[in-house]
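[1] test case, fold it:
(2 chains)
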Number of protein chains: 2
Amino acid sequence: MDTGVLLVEQDIRDLARGTAFLGSGGGGDPHAVVLQLLDILQKSGQIRLINMADLPHDALVAPCGWMGAPTVGEEKLPNGREPVAGLRMLEHLKGRKVDALIASEIGGSNGLAAMVLAAAEGLPVVDGDGMGRAFPEAQMVTYNIYGLSPNPVVFSDSNGNCLAMEAVNAAEGERIGRQIAVMMGGACHVFDFAASGYEIKQYAVRGTVSLAVNIGRAIREAKASQRDPFEALFSCLRSTGYYNHAGILFDGRIVDLQRNTVGGFSIGSLTIEAFGDSGETVKVEFQNENLKAYKGGQLLATVPDIISVLDRETADTITTEKLKYGQRVKLVGTSVPPILRTPEALAILGPLAFGFPEIYCPIEQLNNWI
Amino acid sequence: MDTGVLLVEQDIRDLARGTAFLGSGGGGDPHAVVLQLLDILQKSGQIRLINMADLPHDALVAPCGWMGAPTVGEEKLPNGREPVAGLRMLEHLKGRKVDALIASEIGGSNGLAAMVLAAAEGLPVVDGDGMGRAFPEAQMVTYNIYGLSPNPVVFSDSNGNCLAMEAVNAAEGERIGRQIAVMMGGACHVFDFAASGYEIKQYAVRGTVSLAVNIGRAIREAKASQRDPFEALFSCLRSTGYYNHAGILFDGRIVDLQRNTVGGFSIGSLTIEAFGDSGETVKVEFQNENLKAYKGGQLLATVPDIISVLDRETADTITTEKLKYGQRVKLVGTSVPPILRTPEALAILGPLAFGFPEIYCPIEQLNNWI
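    From the prediction side, this is the model:
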């Protein structure tokens, strides 16, 4: 696996902007991990990205990321040793070396986290992930939806403690793992769903790392050349062939914000009011990620489609922990790839899985984009 | 390791009475595990006890037991599969079969728990344990005191979940493990400090299973022949050469009882008032186990010495979760073996480790028994 491309400093910055957007408001702010990665590149470390197609069928691929409330990640930075201890335990349990890493979720800081370990261990990172965005719970990954075992799930913390779990199913793994994250200081590093190259090629969401880099680049270049960054974003998404529909759901000012850290999650809602005299408002509900947007009685979008709040001038994504009263924003919606819209996927990622009464309806139908 | 003796039904009943006494009020009521063991014997399963001296130096010996508040164990009975899943994970991590089991603590139900798994797996149980009594926390074992690593610590629950931890130290293992026990339904099965026969022979408290059988037998036989069961108990203890000092600390009626289940522990105190007009009272403080007894300003006993509340007619031990207002009891104190009284041991098991201001003083000195 000496194929693939080496990422450069500009790629990392573009990637961070793209993962923040794909996070649907969640996944945590990538700022700290961007600094870690730039430091690695300056010390002539290498971050190598490989296509899923180049992954040997018999490779051992390890999905990884951080578990915990994003608000914790804002104040408690990794010391760098957490994922190494977890990797060693995973390799001991599997009886072999890991050949490649892949992000558990592309959204937010978790879209970049695997690269820190990959650079330190000389491993490649696979261009894809298990969510195609960010979701709040560990069982909400394609690997679980399509029947892979999460075991062993390996947790590690900044004190040096490491835990490997054989969970009876992914939901039990999430329930127990969430408390482990709390006991490990509010956030911990997690490996789960380690699988063969063959399995990862079947079930991962493909090309999401390069998509995130392209999103960041499109917004950056549009702003540099005085073009509309939102139009650049939408045309980038539509060109993928799998995030086909994207557009502005609403434009206005945040006039109400409720947010609590409950049971290891950031939970709340925000209200955006239109400019001018119309008095129109849109309400967005979130659990780490934005889950549902509606205008009066009219639904605009629900999970698993992506709902992101962007600064209306810079087109920078504002994650749920950075929302503030008075921000002037555009609410942007994006369709997710078909692998996240099957009946099997909707049973785990749809509105009902979050306790909402709505039946899932594709964002492009709700907004007459087709 | 085909040496040792096979335990019979009467041994199990005597053992349960003895482990309840050695539990210092804790370790949980052995009733449910006694029923499991009698069922095993009736189905011609075998429970084999071996001397520590017969353990090969290179044997892999696995200490085991249950973690959680005894009050939970009263209502949530094991389904029998918990320890098997844990054993398999331990063996996978160690890369070899376990050769023998040993109780983590001899006190209460944990003094018998290893035998259920041993019978199912055809393994012998070693005559000894890691506490020589019961203690509330997992790091309070001789294996930790004398420097063995607890890792891997393996937790398993009734749902089929299994967790292996590499803890930075035994105290971190207890802190995280206690919450795992809570998430696993309030109680879970634990393997820790798996070690060689050579290490176990150096650091375990020896002969405590046969001592518990002897305690039970002495009380039973004394009652059958109308002798004083308390005198029979004391002479049994004194004959061991290592639980040398034992006697009655106080005799009276329980007139006050405070007990709460807090953070996975049973915490509280009881007051015993003397019969007659003296008005003398003794107060006992407990955290799962009885930790300290004092009469007015005078200290009668503290951890690690054993403080047990016995029914004054039957000489049955009343564990802390079974204490009731009005019970007529004898408060009995017993010295623990020298291996639990070294400076290293007292740093982890002494009054200061439980937040008490007292300096440890041997029970035989406090009560002028020598």
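[2] low-confidence stretches in the stretch 201-350 of chain A?
    Within the stretch 201-350 of chain A, the segments meeting pLDDT under 70 span A:264.
[3] for it, what spans make up the helices?
    All helices of the stretch 201-350 of chain A, identified by DSSP state H, counting those that start in this stretch, fall at A:208-224, A:229-238, A:343-349.
[4] so which of these is nearest chain B?
    With respect to chain B, and counting by C-beta to the nearest C-beta, the nearest of the helices of the stretch 201-350 of chain A is helix A:343-349 at 19.4 Å. Just so you know, the C-beta spots here come from the backbone N, C-alpha and C atoms, and that holds for glycine as well.
[5] identify each buried residue in the closest one, please.
    A:345-346, A:348-349 (16 or more other C-beta atoms under 10 Å in any protein chain shown).
[6] is A:Arg206 in contact with A:Asp127, as I believe?
    Yes - using C-beta atoms under 8 Å, A:Arg206 is in contact with A:Asp127, at 7.2 Å.
[7] burial of A:Arg253, as a residue count?
    15 (other C-beta atoms under 10 Å in any protein chain shown).
[8] if you could redo that for A:Asp277, that was the one I meant.
    6.
[9] taking helix A:229-238 as reference, get the angle to the longest strand belonging to chain A.
    Assignment by DSSP state E gives strand A:246-262 as the longest strand of chain A. For strand A:246-262 and helix A:229-238, the angle between their directions (axes from the mean of the first three to the mean of the last three C-alpha atoms, to 10 degrees) works out to 90 degrees.
[10] run the chain-centre distance for strand A:246-262.
    19 Å (C-alpha atoms, centre = their mean, to the nearest Å).
[11] stretch A:226-235 too?
    22 Å.
[12] pull out the buried residues from it.
    Neighbour-count burial for stretch A:226-235 [16+ other C-beta under 10 Å]: A:229-230, A:232-234.
[13] the buried residues of helix A:343-349: which two are farthest apart?
    Farthest-apart pair in these is A:Leu346 and A:Ile348; separation 7.5 Å (C-beta to C-beta).
[14] related to what we said a few turns ago, of the buried residues of stretch A:226-235, closest to B:Asn288?
    Nearest member of the buried residues of stretch A:226-235 to B:Asn288, counting by C-beta to C-beta, is A:Leu233, at 59.2 Å.
[15] secondary structure element holding the closest residue to A:Asp54 other than its chain neighbours?
    Distances taken as C-beta to C-beta, 6 or more residues apart in numbering or on different chains put A:Thr3 closest to A:Asp54, at 4.5 Å, once the chain neighbours are dropped. Counting by DSSP states H and E, no helix or strand carries A:Thr3.
[16] hang on, A:Thr3 packs against A:Met52?
    No - assessed by C-beta under 8 Å, A:Thr3 is found out of contact with A:Met52, at 11.2 Å.
[17] who has more neighbours out of those two?
    A:Met52 (19 against 12).
[18] against chain B, how distant is that one?
    30 Å (C-beta to the nearest C-beta, to the nearest Å).
[19] now do A:Leu366
    39 Å.
[20] so what pLDDT did that residue get?
    pLDDT, A:Leu366: 96.
[21] ok, it touching A:Tyr294?
    No - judged on C-beta under 8 Å, A:Leu366 makes no contact with A:Tyr294 at a distance of 9.6 Å.
[22] could you find the closest non-adjacent residue to the most centrally placed residue in chain A?
    Residue closest to the average C-alpha location in chain A (C-alpha atoms, centre = their mean): A:Gly107, at 1.7 Å. For A:Gly107, ignoring the flanking residues on the chain, the nearest one in space by C-beta to C-beta, 6+ apart is A:Ala134 at 2.6 Å.
[23] quick one: neighbours of that neighbour, just the number.
    Count around A:Ala134 with other C-beta under 10 Å applied: 31.
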